[in-house]
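**Student:** compute the structure for the input listed below.
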Amino acid sequence: MPELPEVEVTRLSFADRIAGAQIQSVRTGKPLRWPLGIPAQNLVGRTVRGVRRRGKYLLLDLDQGLLLMHLGMSGSLSFAPSQPAPGLHDHFDLVTTRGTLRLNDPRRFGAVVHAPAEDAPQSLKLLGGLGIEPLSEAFGADAFHAGLKRRTAPIKQVLLAGDVVVGVGNIYASEALFLAGIRPTLPASRISRPRAEKLRQAVRDVLGRAVARGGSTLRDFANAYGEAGYFQLEAMVYGRAGQACKVCGGVIKTIRQGQRATFYCPHCQKS
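**Tutor:** You can find the predicted model right below:
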C-alpha cells in the first residue's frame, strides 16, 4: 500500500507540471471505492491550481472545488503529455492542456472524489478525523505526547491509526520505533515525554529520508514519472525477520499486530 512518503513523492513528481492546466476531458472506467460525486463532464473547463497532500490523500485544487485522490492498496498515478490506450486497470483519466493524469488501480480500492470545498461534507468525511501532519511544524512534542497519553493501545497500533499523527504506515512505523528504541507492543500511554520526543524525531527522520529516497518499492510502486523508490534498501528492521540486526547483531523478529506484520529487534527495543 502506498504510504505517506510514496504519496508525497507522487505529488512532487507531477504537481509543478499540472499546475495551471485546464481540464479538457475526463474518462472514468470501472467504479472505484467511492463515486466521483458529480458528472465527469462538469469538470471540463476547470483549471488545476495546484496539488497538495493531506495524509495519504492528494488534493487537486481547482478554480471551482477540488478533487481528493487516494491510491488505495495498489493504485498509482502517471502523468504524461499523452497516454497509451487505457488498459484493464486504468480507471480514471484527467486530460488537461499540459498532459493526462491517469489512475491505475488493479484492486480498485482507490478513489477520486469531488468536493465543492475543503470544509464541505464530502471533504470532512475523508479528512476530518486525520491527525497532525508529521512533516509539518504543527507536529510538536507537547501535542504528540498528550495524544499518546490518551491511548492505551500498543504504540505501533496508535501510529497506524492516524488520529494522533497521520500517514505513519506499516513500514515507517516499524522503522521509527526501531530508531527510537521502543518496543512496538508498549502501550502508548506508558511512553514518557522524553521517549515521546525521541519517537517524534524518529518519525520525522524516517519519513523525511523515505521521501528523499523516492519512497519504498516493495512490489510495483512508481511515481508519476514511472520511477521506483529505494528506501526499502536501507530498512533496519522492516522485511528483515530472521536476519541480523545492523546495530547489535541480534536476530530481527516479527509479530502480527492488527493483521499487519511488525518487525523489531528484541535487544535494541527492550521496552
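
**Student:** now stretch 152-172: buried residues?
**Tutor:** Within stretch 152-172, the residues that count as buried by 16 or more other Cβ atoms under 10 Å are 154-162, 164-172. (Each C-beta comes from the backbone N, C-alpha and C, glycine too.)

**Student:** output that stretch in CSV with nothing but the alpha carbons.
**Tutor:** C-alpha atoms of stretch 152-172 as CSV (Å, rounded to 0.1, in the frame of the first residue of the first chain):
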residue,chain,number,x,y,z
THR,A,152,-3.7,2.6,25.9
ALA,A,153,-3.3,0.5,22.7
PRO,A,154,0.2,-0.7,21.7
ILE,A,155,2.3,2.2,20.3
LYS,A,156,2.6,0.6,16.8
GLN,A,157,-1.2,0.4,16.5
VAL,A,158,-1.5,4.0,17.6
LEU,A,159,0.9,5.2,15.0
LEU,A,160,-1.0,3.3,12.3
ALA,A,161,-4.4,4.6,13.5
GLY,A,162,-3.7,8.1,12.1
ASP,A,163,-5.7,10.1,14.5
VAL,A,164,-2.7,11.2,16.6
VAL,A,165,-0.2,11.6,13.8
VAL,A,166,-1.2,10.9,10.2
GLY,A,167,0.5,8.9,7.5
VAL,A,168,2.9,6.7,9.5
GLY,A,169,2.2,3.5,7.7
ASN,A,170,3.4,0.0,8.5
ILE,A,171,6.9,0.2,7.0
TYR,A,172,7.7,3.5,8.6
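
**Student:** give me the nearest residue to residue 241, chain neighbours excluded.
**Tutor:** residue 254 (3.9 Å; Cβ to Cβ, 6 or more residues apart in numbering).

**Student:** contacting residues for the one you found?
**Tutor:** 241, 261-264 (Cβ atoms under 8 Å, 6 or more residues apart in numbering).

**Student:** any of those residues buried? List them.
**Tutor:** Buried members of the contacts of residue 254, counted by 16+ other Cβ under 10 Å: 262-264.

**Student:** show me the shaky parts of the stretch 1-150 of the chain.
**Tutor:** Applying pLDDT under 70 to the stretch 1-150 of the chain flags the ranges 1.

**Student:** okay, strands next: where are they in it?
**Tutor:** Ranges of strands within the stretch 1-150 of the chain are 23-28, 48-54, 57-62, 66-70, 76-80, 90-96, 99-104, 111-115, based on DSSP state E, counting those that start in this stretch.

**Student:** what's the closest of the ones you listed to residue 37?
**Tutor:** Nearest to residue 37 among the strands of the stretch 1-150 of the chain is strand 111-115 (4.5 Å), distances taken as Cβ to Cβ.

**Student:** look up how far residue 72 lies from residue 51.
**Tutor:** As judged by Cβ to Cβ, to the nearest Å, residue 51 and residue 72 stand 18 Å apart.

**Student:** what comes up buried for the longest helix seen in the chain?
**Tutor:** Looking across the chain with DSSP state H, the single longest helix is helix 193-212. For helix 193-212, a neighbour-count test (16+ other Cβ under 10 Å) marks 195-200, 202-204, 206-207, 210-211 as buried.

**Student:** of the residues you listed, closest to residue 79?
**Tutor:** Each of those was scored against residue 79 by Cβ to Cβ, and residue 211 proved nearest at 18.3 Å.

**Student:** does that closest one touch residue 10 like I think?
**Tutor:** No: counting by Cβ atoms under 8 Å, residue 211 does not reach residue 10; the two are 10.6 Å apart.

**Student:** so for stretch 37-55, first residue to last residue, what's the gap.
**Tutor:** With Cα to Cα, to the nearest Å applied, stretch 37-55 spans 21 Å between its terminal residues.

**Student:** alright, that wraps it up for me.
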